[in-house]
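Trainee: pasting the sequence and the predicted coordinates here, then a few questions.
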2 protein chains.
Amino acid sequence: MTADIIPIRSNGDDAPPTIEPMLQLTASGMNAVNTVILDRMQSEIPLIPRLAGHLISGGGKRLRPMLTLAGAELVGYQGSRHHKLAAAVEFIHTATLLHDDVVDGSEMRRGKAAANIIFGNPATVLVGDFLFSRAFELMTEDGSLRVLKILSNASAVIAEGEVAQLSAQRKLETSEERYLDIIGAKTAALFAAASRISAVVAECDDSHERALDDYGRNLGVAFQLVDDAIDYDSDAAEMGKDQGDDFREGKMTLPVILAYARGNEDERAFWKDAIGGHRASDADLAHAITLIGRHNALEDTRTRARHFARRAIDAISIFPDSKARQAMAEAALFAVARGY
Amino acid sequence: MTADIIPIRSNGDDAPPTIEPMLQLTASGMNAVNTVILDRMQSEIPLIPRLAGHLISGGGKRLRPMLTLAGAELVGYQGSRHHKLAAAVEFIHTATLLHDDVVDGSEMRRGKAAANIIFGNPATVLVGDFLFSRAFELMTEDGSLRVLKILSNASAVIAEGEVAQLSAQRKLETSEERYLDIIGAKTAALFAAASRISAVVAECDDSHERALDDYGRNLGVAFQLVDDAIDYDSDAAEMGKDQGDDFREGKMTLPVILAYARGNEDERAFWKDAIGGHRASDADLAHAITLIGRHNALEDTRTRARHFARRAIDAISIFPDSKARQAMAEAALFAVARGY
């Protein structure tokens, strides 16, 4: 197998990269996945599908199960086992979102009131647990111990990443390295697992399995970097969550880490107060955005994201060129161009 | 195999049943299980073992993993696979306790401050998720898809039971049947699974597997009934949690269900206010205890528990008499005699 360079598709008129080819590639598979999701989030306890449905039908991109389907296309998998597994991936993701919203005290998610606001923290925690259990039921039904190992490990790593993020909250001394470790765990681990399991069901050799893991992991890091940039980008398209949430929660994301590192004494004093929780007004947020802009920290965060997106694209260059590979490459570029 | 009657051991001088024979039966196995627990709750994120350790080393009885070990003795299992699986059971239980404490806003657990009080809700939710993931990692390492199926299903049922309990909270119209469904899910499902999996690793036939499931399930129901009685029993030994928690949270447990059903109009008006959350003082709790006493509702709750304990004991009567069977039978009697 040659490790040829993937030519990045040009739309001729320099149109920005889109997620469209990825959506088309996975459209029919996603229908099957959505059927599993809707079927398996049911319960005799009415509050469960009501609460789960609020988030699940709330306009998520279902990017992670899409990675499983795209990976399956890339490796030419012909079966349908990956539908259940992709649904399991989405359930794990949904469970972590529900728990995140409780942890962060979120008010908005995907452009509407977060589940914890409508249904309260107790039900939100428990329905997260339910979906998490359902995910393992789905994997067990599939019966691959390799998949179970990959996804149970990813789940533990996600929880570790979330706890690490909590421990870093309001800690101005958090380094870029530490930040990358945290997002590698809380976000990229599931991207990596989602894309890797397609190679497992297709019984690919180890190098292909690792290539898909690398693709997902780097894409996940790029994705989170851009998410964290958008939270300070007043020009960015709506994310469906409140802008400035990270600021008010004192989360140490890369825009802040860079602006702080590059700031003068006055600026550092501001960051100290702000990350410490003593400056949370709209004016404070506006000032933070000004400082971040002054040091080019948003653009540099996006540049870092581009680096990881390129690594994602190169990771799958061991596969022959195909519609799937093109779609996956463009999706990586799209991930870093979001919000522009 | 004969379905002989188990003679309940008499201590000669009518001493109350104890958990001692069960502790002796499982002592060396529990050492192995504890080693797995301590080893696998570790993480590079220091907050995780600190928070998990607060609860895990906090004097829990580890009754559920003990059921796995006792079951293994009962069926004559010679291997050591059940140690890891018993640890997984305890991790699932610990995860649900951590999440319960967040859900209930508990202040005490096992005689000390609950994890949520010391470490906050966010970390408590996330460390629960971590332990839950670790449980599935342990099961995956063992590699039995049957065990994975039993425990992933039990986990989903537990979450359903917890949500159902939440939905029934402050609902005076909750019936005894509904209550039994709820405790069957939130408590007894894990007791059943813990004891059943011993038969799975020992490759017993289906009837023995079901017998162990029935033993655990009935024991779990009995156990929860007594827990719920103790919460209103001013004479009961300390449980390590605040007495009257159920009352203040408006939980519809059997003592309340019976006292309400048997009460006159004035009493029902009191219960309506109390379960509705408008009477939560110490004097109100004292009055509730008086009403429960007037209608013999505590003693009758314990009588119901005794019924399920007898069913647990009869379920394992298909196994030949042995030290293990005697210990398991006495443990069931002990479960209903607690707090006397």
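Mentor: That came through, no problem. Numbers count the residues shown, from 1 in each chain, chains lettered A, B, ... in the order given.
Trainee: element containing the nearest residue to residue A:187 once chain neighbours are set aside?
Mentor: Spatial nearest neighbour of residue A:187, excluding adjacent residues (Cβ to Cβ, 6 or more residues apart in numbering or on different chains): residue A:224 at 4.2 Å. C-beta coordinates here come from the backbone N, C-alpha and C atoms, glycine included. Using DSSP states H and E, residue A:224 falls within helix A:206-230.
Trainee: neighbours around the residue nearest to residue A:187, how many?
Mentor: As a burial measure, residue A:224 scores 24 neighbours (other Cβ atoms under 10 Å in any protein chain shown).
Trainee: what residues are up against it?
Mentor: Taking Cβ atoms under 8 Å, 6 or more residues apart in numbering or on different chains, we find residue A:224 in contact with A:183, A:186, A:187, A:188.
Trainee: list the contacts of the spatially closest residue to the last one that is not a sequence neighbour.
Mentor: In space, not counting the residues next to it along the chain, residue A:188 is nearest to residue A:220; the distance is 3.1 Å by Cβ to Cβ, 6+ apart. Residues counted as contacts of residue A:220 (Cβ under 8 Å, 6+ apart) are A:183, A:184, A:187, A:188, A:189, A:190, A:191, A:192.
Trainee: one more time with 10 Å
Mentor: Contact analysis of residue A:220 by Cβ atoms under 10 Å, 6 or more residues apart in numbering or on different chains lists A:63-64, A:67, A:183-184, A:186-195, A:308, A:312, A:335.
Trainee: among these, which ones are buried?
Mentor: Buried by 16 or more other Cβ atoms under 10 Å in any protein chain shown: A:63-64, A:67, A:183-184, A:186-195, A:308, A:312, A:335, out of the contacts of residue A:220.
Trainee: look up how far chain B lies from residue A:212.
Mentor: Distance of residue A:212 to chain B, computed by Cβ to the nearest Cβ, to the nearest Å: 20 Å.
Trainee: likewise for residue A:222?
Mentor: Applying Cβ to the nearest Cβ, the value for residue A:222 to chain B is 24 Å.
Trainee: how about residue A:49?
Mentor: Applying Cβ to the nearest Cβ, the value for residue A:49 to chain B is 11 Å.
Trainee: per-residue confidence for that residue?
Mentor: On pLDDT, residue A:49 comes in at 97.
Trainee: what number of residues lie near it?
Mentor: By other Cβ under 10 Å, the residues close to residue A:49 number 17.
Trainee: just checking, next helix/strand downstream of the host helix or strand of it?
Mentor: Assignment of secondary structure by DSSP H and E places residue A:49 within helix A:47-56. Following helix A:47-56 in sequence order, the next helix or strand is helix A:63-74 (DSSP H and E).
Trainee: how about that next one as CSV, C-alpha atoms only?
Mentor: Written as CSV, here are the backbone C-alpha positions of helix A:63-74 (Å, rounded to 0.1, in the frame of the first residue of the first chain):
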residue,chain,number,x,y,z
LEU,A,63,-20.5,13.4,14.2
ARG,A,64,-19.1,10.5,16.2
PRO,A,65,-21.4,7.7,14.8
MET,A,66,-20.8,9.3,11.4
LEU,A,67,-17.1,8.6,11.9
THR,A,68,-17.8,4.9,12.5
LEU,A,69,-19.9,4.8,9.3
ALA,A,70,-17.3,6.8,7.2
GLY,A,71,-14.6,4.5,8.5
ALA,A,72,-16.6,1.5,7.4
GLU,A,73,-17.0,3.0,4.0
LEU,A,74,-13.2,3.7,3.8
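Trainee: any residue of the helix or strand following it up close to chain B?
Mentor: With elements assigned by DSSP H and E, the helix or strand that comes after helix A:63-74 is helix A:81-104. Yes: Helix A:81-104 comes into contact with chain B (Cβ under 10 Å from any Cβ of the partner chain), by way of A:92, A:95, A:96, A:98, A:99, A:100, A:102, A:103, A:104.
Trainee: so who does the closest residue to the fourth one other than its chain neighbours touch?
Mentor: In this case it means residue A:98. Leaving aside its sequence neighbours, residue A:98 sits nearest to residue A:128 (Cβ to Cβ, 6+ apart; 3.8 Å). With contact taken as Cβ under 10 Å, 6+ apart, residue A:128 is in contact with A:51-52, A:55, A:91-92, A:94-102, A:115, B:99, B:125, B:128-129, B:159.
Trainee: and for residue A:174?
Mentor: Taking Cβ under 10 Å, 6+ apart, we find residue A:174 in contact with A:164-165, A:167-168, A:182, A:251-254, A:256-257, A:260, A:275.
Trainee: got CSV for these, with neighbour count and pLDDT too?
Mentor: Below are the contacts of residue A:174 laid out as CSV (neighbours: other Cβ atoms under 10 Å in any protein chain shown; pLDDT from 0 to 100):
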residue, neighbour count, pLDDT
A:164, 25, 97
A:165, 27, 96
A:167, 17, 95
A:168, 20, 96
A:182, 26, 98
A:251, 21, 96
A:252, 25, 97
A:253, 24, 98
A:254, 24, 98
A:256, 27, 98
A:257, 22, 98
A:260, 23, 97
A:275, 23, 97
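Trainee: these also near chain B: which ones?
Mentor: A:164, A:165, A:167, A:182.
Trainee: farthest pair in those residues?
Mentor: A:167 and A:182 (9.1 Å; Cβ to Cβ).
Trainee: is any residue of the lowest-mean-pLDDT helix or strand in chain A near chain B?
Mentor: Least confident helix or strand of chain A, by mean pLDDT, DSSP states H and E, is strand A:108-109 with a mean of 82. No: against chain B, strand A:108-109 shows no contacts by Cβ under 10 Å from any Cβ, the least distance being 16.1 Å.
Trainee: and the helix or strand that that strand is followed by, what does it pack onto?
Mentor: Heading C-terminal from strand A:108-109, the first helix or strand you meet, by DSSP H and E, is strand A:112-113. Contacts defined by 3 or more Cβ pairs under 10 Å, 6 or more residues apart in numbering or on different chains; DSSP states H and E place strand A:112-113 against helix A:47-56.
Trainee: in the helix it packs on, what counts as buried?
Mentor: Neighbour-count burial for helix A:47-56 flags A:47, A:48, A:49, A:51, A:52, A:54, A:55, A:56 (criterion: 16+ other Cβ under 10 Å).
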